[in-house]
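**Q** Sequence and computational prediction follow.
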Amino acid sequence: MMEIRPGRKSDSESISILLTSLAVKYIAKSFSEEGRTNLLNSMTPEAIEGFFDDGFRYHVGEIDGEIVGVVGTRDDSHLFHLFVDDRYQGKGYSSRLWAIGREACLKSGNNPGYFTVNSSLNAQHVYERWGFERDGSLREGGGVKDQPMRMKL
């Protein structure tokens, strides 16, 4: 069973390993070389530490002490990272992580009445199940492709 706890800056390396391994496998392969580089550079341990310093909120899911899932939010309104290790996908863990991350944003009192996410192309259906809707067209910037989505509360 996955245990969820607030992320700590000291988790940055483990978070980075999880993010980059899944991004290479599922997201970056449809990007240009520039896009792959930009995406993976945003997932280094140093980048994750910087996100903690900038006030991003992370929660991690652990099984037997290993981080196997992560949710990261920015500005109490933007779903920035949501990843679950391949071995544990299809068990509802991403939904649990999102519920915890969402609740933390709402409890802060700073949520503006909506959430946004820049969805990878293969994750749109998950976000739609949770109530997100497409917000504009597919984008590509710096070789990174995403679909902006929004969920009104």
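**A** Structure's in. What do you need?

**Q** Can you give me the neighbour number for the closest residue in space to Asn41 that isn't next to it in sequence?
**A** Distance criterion CB to CB, 6 or more residues apart in numbering; nearest residue to Asn41, sequence neighbours excluded, is Ala47 at 6.8 Å. Using the backbone N, CA and C atoms, a C-beta is placed for each residue, glycine as well. Around Ala47 there are 15 other residues, counting by other CB atoms under 10 Å.

**Q** Now Ala47: which helix or strand?
**A** Using DSSP states H and E, Ala47 sits in helix 45-53.

**Q** Which elements pack onto the helix or strand following that helix?
**A** Next along the chain after helix 45-53, taking DSSP H and E as the criterion, comes strand 57-63. Strand 57-63 sits against strand 3-6, helix 12-22, strand 66-74, helix 93-107, with contacts defined as 3 or more CB pairs under 8 Å, 6 or more residues apart in numbering; DSSP states H and E.

**Q** rewinding a little: next, work out how far apart the residue nearest to Asn41 and Glu13 are.
**A** Remark: distance between Ala47 and Glu13 (CB to CB, to the nearest Å) = 11 Å.

**Q** what's the answer for Tyr127, then?
**A** 27 Å.

**Q** And these two? Which one has more around it.
**A** Between Tyr127 and Glu13, counted using other CB under 10 Å, the more crowded position is Tyr127 (22 against 14).

**Q** List the contacts of the more buried one.
**A** Contact analysis of Tyr127 by CB atoms under 8 Å, 6 or more residues apart in numbering lists 117, 119, 149, 151.

**Q** Quickly run through the sheet partners of the helix or strand of the chain with the lowest mean pLDDT, with directions.
**A** Least confident element among the helices and strands of the chain, by mean pLDDT, DSSP states H and E: strand 139-141 (a mean of 94). Strand 139-141 pairs in its sheet with strand 144-152 (antiparallel), by DSSP bridges.
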